[in-house]
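Chemist: Okay, here's the prediction I keep looking at, along with the sequence it came from:
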Amino acid sequence: MLFPSEVAGFVYLDPTDFPTRAELAQLPPGALEAIFNLPPIPTDMPAGLRAEVESMVGAVRTEFSEARALRPPQDVPVAVIIAGAKTWPGTSEQARTALLQLQIKHQSEWTQASPKGLLIVPSKARHFLYNEEPALVVDALAYVVRNARQQPGR
């Protein structure tokens, strides 16, 4: 983190999960394809957007190694809200559930590393938590702020 003295905590709203091919190979059929099978980039895509999509494709090809190497600071409160009803297009309910469980496993590690970690999985939220669960988002923000103030040196 570039400015640790300026960060009091983190609130993640349905953050992207970065599983490996090996992890996904253990899940029901369709899970690996949901993450790693990418559609072709349209030839008429604007240059700036194309560059962004190509960057994401590069991350997929390296199994998100750069993103998986990142770790949130362990000395600040962290709240993670994972949308429990999100879907991955073309996946079965069994694969969807397995992908969600894997994301919960990964992101519970973030919250457990924090002195004041909070993990919430609202079962009816699909992705846009600020629209679907605005009160829950406000509660998570308040939780992090309240716990950041209780830390020494803050």
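Modeler: Good, I have the coordinates. Everything numeric here is computed off the predicted structure, so don't read it as measured data.
Chemist: Contacts for the longest helix seen in the chain next, please.
Modeler: Longest among the helix segments of the chain by residue count, using DSSP state H, is helix 93-113. Here helix 93-113 makes contact (CB atoms under 8 Å, 6 or more residues apart in numbering) with 12, 15, 17-19, 23-24, 27-31, 34-35, 71-72, 74, 78-80, 82, 84, 86-88, 91, 117-119, 121. Quick note: C-beta positions are derived from backbone N, CA and C, even for glycine.
Chemist: Okay, and which of those residues map to helices?
Modeler: Under the assignment DSSP H, the contacts of helix 93-113 contribute 23-24, 31, 34-35 to helices.
Chemist: Where does pLDDT dip in this protein?
Modeler: Counting by pLDDT under 70, the ranges of the chain that qualify are 1, 150-154.
Chemist: where along it do the strands fall?
Modeler: Residue ranges of the strands in the chain, as given by DSSP state E, are 10-13, 78-81, 117-120.
Chemist: Going by neighbour count, which residues of stretch 137-154 are buried?
Modeler: Applying a neighbour-count criterion of 16 or more other CB atoms under 10 Å, one finds 137, 140, 143-144, 147-148 buried in stretch 137-154.
Chemist: residue at max distance from the center of this structure?
Modeler: residue 44 (29.8 Å; CA atoms, centre = their mean).
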